[in-house]
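**Q** got a predicted model here, sequence first, then my questions.
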Amino acid sequence: MPSQGVKKKPRRPAKLGPRAKKFKLWLKSKLAVFLPSREQFWHLPKVLSVRERYLILALAAAAAGALVAIPVAGYYRFTTVQPDYGGSFNEGLVGTPKYINPLLAQTSDVDRDLSELIYAGLLKFDDRGGLTDDLAKFHEVSADGLIYTFKLRDGLKWHDGQPLTADDIVFTVLAVQNADYGSFQRINWQGVEVNKIDEQTVTFKLKNKYAQFLNNATLGILPKHLWESVKPVSFGLSELNLKPIGSGPYQFSKIRRDSAGNIQSYELAAADGYYQGKPYISKIIFRFYESEDKLIDAFNRSEIDGLSFISPPKLNSVRWLGKLQIKELKLPRYFAVFFNQNQSQQLSDKNVRLALNYATDKNTILDKLLANKGTAVDSPMLSGIIDLPPPQTKYDYNPEKAKKILDEAGWKLPAAGPVREKAPPPPKKGGKSPVPESTKLEIKLTTSNWPELVMAAGQLKEQWEKIGAKVNVEILALPELQPAIKDRGYESLLFGEVLGLDPDPFSFWHSSQKRDPGLNLALYDNKNADKLLEDARQTLDDSIRLSKYADFQQLVINDAPVVFLYSPSYLYGQAKKIQANGAAVIAIPSDRFNAINKWYIETRRSFGE
């Protein structure tokens, strides 16, 4: 008996959405104007003259054009542009990758950029600078502020398809805490106890309350199944540092090297298994250059589509600015001159420090160095990053006031020269020791050979010498400058500090941080300021913490241990073809990629609903 086939059901036509139905009715009404009935069409040749026939042909041609234009116009009227998958871009970076590893990437912008794209953390910053869940689907804090619980999203995967679980979180944090791994993040995790509750839940227990702890949860997580076999001594040597497996929006694809083995380019592909869905842009290629000048030259030769950073003075060197979107991003960093009073008798005099503050024209520095792509800074707490009232005391540019302060403090201009001197105190009666010489107002200003800081040092020298100081500028390459900073071997240091979007100024200003690895570059020591910093980092109430920071900033300004200068904007030269980058505030340069999974190049049109 022949087998009976299964009779297929006829396919029903797909239902049209409301916008598509509306478009169909609109198109039908428009076309009806141009289409004659069948009877009218067949009788036309019998009643028309030759001239009328030619006229009708011309009108028919026009009507045919309209018949084409009407549906096209209707299509654009009733559809909207939507992002589509595909496209790629090339971006140039200064430097070369070495440690694409969130535990080791802190000293290199290139490493951090690539780590940001390949790895994900429990939390991340959004494109407005706010903390949001990343691998975690939610988190909560205990009433006493000591226990932080994170619940992972369902179905998380590494780029190699293996599941991402609480074991990976625990492994990463324990590796950070182990000094043998050499992670620069170790200081942020000391004293934190990590525990796995189940496959998707971890807790962190703190010994003391720490208001900014959640910032630490942006640390990229490593895959335990790949790294657990790598011994700490070999951690920095593993091939996984250049061919990483992560859980972020992009995954490693390929490396290209030159004949000498130097990395020329690094390619990333959109990760299919990313928890927020595959990113729209299919491929990113990074190319590496030795300097900003070579980076800009590569763009001018159309070798790359975008530039990771452009310093304001170099904008005029970019030939095809029309191909870029110059994004001016706010970055929580500032530059200042830090005074080491232990190294300079002159700078131990508060009157000298006050005079130098009044003698500094910050607006001129902003104009000449940054083409006003930044803001003047008057406080250790940046406005626009943290919501504090402006400080009560502010040192506006006033060279005459600076001169008066020095005059009243005994720093006088001699008749024979441009450098102020201060006479020694009179000898004690009956004293036989020789009379000491006058002290000249001479200051050594140390900075790096980064062009922007060299220019800033030149401006400060010019401004300060107008009030009778002699300024000796010392320019050091970074390998030479780092030991000087570590040993605090400078009189005054022109340098920058990066704070964070929820800044904790403790490591920059507490007296316990005066020596390396602390970051108190001014060797500032004020017991009242110490107490405010200690209390603030353990205060979870935002309003109370901000009040303490307001009092702290006023103490620093009154003591004048530094001359605050400026906070430059971060100029990102993004390829113009890229859409949907809404970044405005970033914690570090690599945060410009925080919402890259939403960026797109290709588009499609959709009726929508």
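**A** Okay, I see it.

**Q** which regions of the chain sit below the pLDDT cut-off?
**A** When the per-residue scores of the chain are filtered using pLDDT under 70, the ranges that remain are 1-17, 19-50, 52-56, 59-60, 63, 66-78, 428-436, 607-609.

**Q** quick one, helices of the stretch 401-550 of the chain?
**A** Along the stretch 401-550 of the chain, the stretches classed as helices by DSSP state H, counting those that start in this stretch are 451-465, 478-487, 506-509, 527-536, 542-559.

**Q** okay, those helices, which one's buried deepest?
**A** Ranked by mean neighbour count under mean count of other Cβ atoms under 10 Å, the helices of the stretch 401-550 of the chain are led by helix 506-509, which reaches a mean of 21. No exception for glycine: its C-beta is placed from N, CA and C like everyone else's.

**Q** send me that one as CSV with only the CA atoms.
**A** Listed in CSV are the C-alpha atoms of helix 506-509, where the atom choice follows Å, rounded to 0.1, in the frame of the first residue of the first chain:
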residue,chain,number,x,y,z
PHE,A,506,42.4,59.9,50.3
SER,A,507,45.3,58.5,48.4
PHE,A,508,46.2,61.9,47.0
TRP,A,509,46.0,64.0,50.1
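
**Q** contacts for it?
**A** Residues lying outside helix 506-509 but in contact with it, judged by Cβ atoms under 8 Å, 6 or more residues apart in numbering, are 380, 497, 499, 513, 518-522, 524, 529, 533-534, 536-537, 552, 556.

**Q** now do it: distance to the chain's middle.
**A** On the basis of Cα atoms, centre = their mean, to the nearest Å, helix 506-509 sits 21 Å off its chain's mean C-alpha point.

**Q** give the contact list for residue 381.
**A** Taking Cβ under 8 Å, 6+ apart as the definition, contacts of residue 381 comprise 388, 503, 505, 549, 552, 553.

**Q** for it, which non-adjacent residue is closest in space?
**A** Excluding its sequence neighbours, the residue lying closest to residue 381 (Cβ to Cβ, 6 or more residues apart in numbering) is residue 553, at 4.9 Å.

**Q** rewinding a little: so which of the helices of the stretch 401-550 of the chain gets nearest residue 325?
**A** Nearest to residue 325, of all these, is helix 451-465, at 22.5 Å by Cβ to Cβ.

**Q** quick one, phi/psi of residue 585?
**A** Its backbone dihedrals place residue 585 at phi -130, psi 130, with angles given as degrees, to the nearest 10.

**Q** in the sheet, who's paired with it?
**A** residue 330 (DSSP bridges).

**Q** surely it touches residue 330?
**A** Yes - counting by Cβ atoms under 8 Å, a contact exists between residue 585 and residue 330, whose distance comes to 4.7 Å.

**Q** which parts of the stretch 351-500 of the chain are strands?
**A** Using DSSP state E, counting those that start in this stretch, the strands assigned to the stretch 351-500 of the chain run over residues 374-376, 411-412, 421-422, 439-440, 442-448, 470-476, 492-498.

**Q** including mean neighbour count, could those strands go into a markdown table?
**A** Conversion of these to a markdown table gives the following (neighbours: other Cβ atoms under 10 Å):
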| stretch | mean neighbour count |
| --- | --- |
| strand 374-376 | 20 |
| strand 411-412 | 20 |
| strand 421-422 | 18 |
| strand 439-440 | 16 |
| strand 442-448 | 21 |
| strand 470-476 | 16 |
| strand 492-498 | 21 |
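
**Q** these: which one's closest to residue 169?
**A** Using Cβ to Cβ as the measure, strand 492-498 is the one of those that comes nearest residue 169, at 25.8 Å.

**Q** strand partners of that closest one, parallel vs antiparallel please.
**A** Strand 492-498 has the following strand partners under DSSP bridges: strand 333-339 (antiparallel), strand 442-448 (parallel).

**Q** assign a three-state SS to the nearest residue to residue 159 once chain neighbours are set aside, would you?
**A** For residue 159, ignoring the flanking residues on the chain, the nearest one in space by Cβ to Cβ, 6+ apart is residue 251 at 4.1 Å. Secondary structure state of residue 251, per DSSP: H, G, I helix; E, B strand; the rest coil, is strand.

**Q** what of residue 574?
**A** Classification of residue 574 into helix, strand or coil gives strand, according to three-state DSSP.

**Q** tell me how many other residues surround it.
**A** With neighbours defined by other Cβ atoms under 10 Å, the count for residue 574 comes to 20.

**Q** what's residue 603 sitting at in phi/psi?
**A** Phi and psi for residue 603, reported as degrees, to the nearest 10, are phi -140, psi 160.

**Q** next: residue 307.
**A** Listed backbone geometry of residue 307 is phi -120, psi 130, with angles given as degrees, to the nearest 10.

**Q** so who does it touch?
**A** Counting by Cβ under 8 Å, 6+ apart, residue 307 touches 91, 92, 295, 296, 299, 318, 324, 572, 573.

**Q** TSV for those, including distance to residue 162?
**A** Conversion of these to TSV gives the following (distance: Cβ to Cβ, whole Å):
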residue	distance to residue 162
91	29
92	33
295	37
296	42
299	39
318	43
324	39
572	34
573	37
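
**Q** with respect to residue 490, which of those residues is nearest?
**A** Ranking those by separation from residue 490, with Cβ to Cβ as the measure, puts residue 295 on top at 30.3 Å.

**Q** count of neighbours near the closest one?
**A** Residue 295 has 27 neighbouring residues, counting by other Cβ under 10 Å.

**Q** what's the answer for residue 89, then?
**A** The local packing of residue 89 (other Cβ under 10 Å) involves 18 other residues.

**Q** verify the contact between it and residue 324 for me.
**A** No - contact criterion Cβ under 8 Å: residue 89 and residue 324 do not qualify, at 11.5 Å.

**Q** so what sits against both of the two?
**A** Shared contacts of residue 89 and residue 324 (Cβ under 8 Å, 6+ apart): 306, 575.

**Q** quick one: which of the strands paired with strand 492-498 is nearest residue 201?
**A** For those, distance to residue 201 was read as Cβ to Cβ. The smallest value, 35.7 Å, belongs to strand 333-339.
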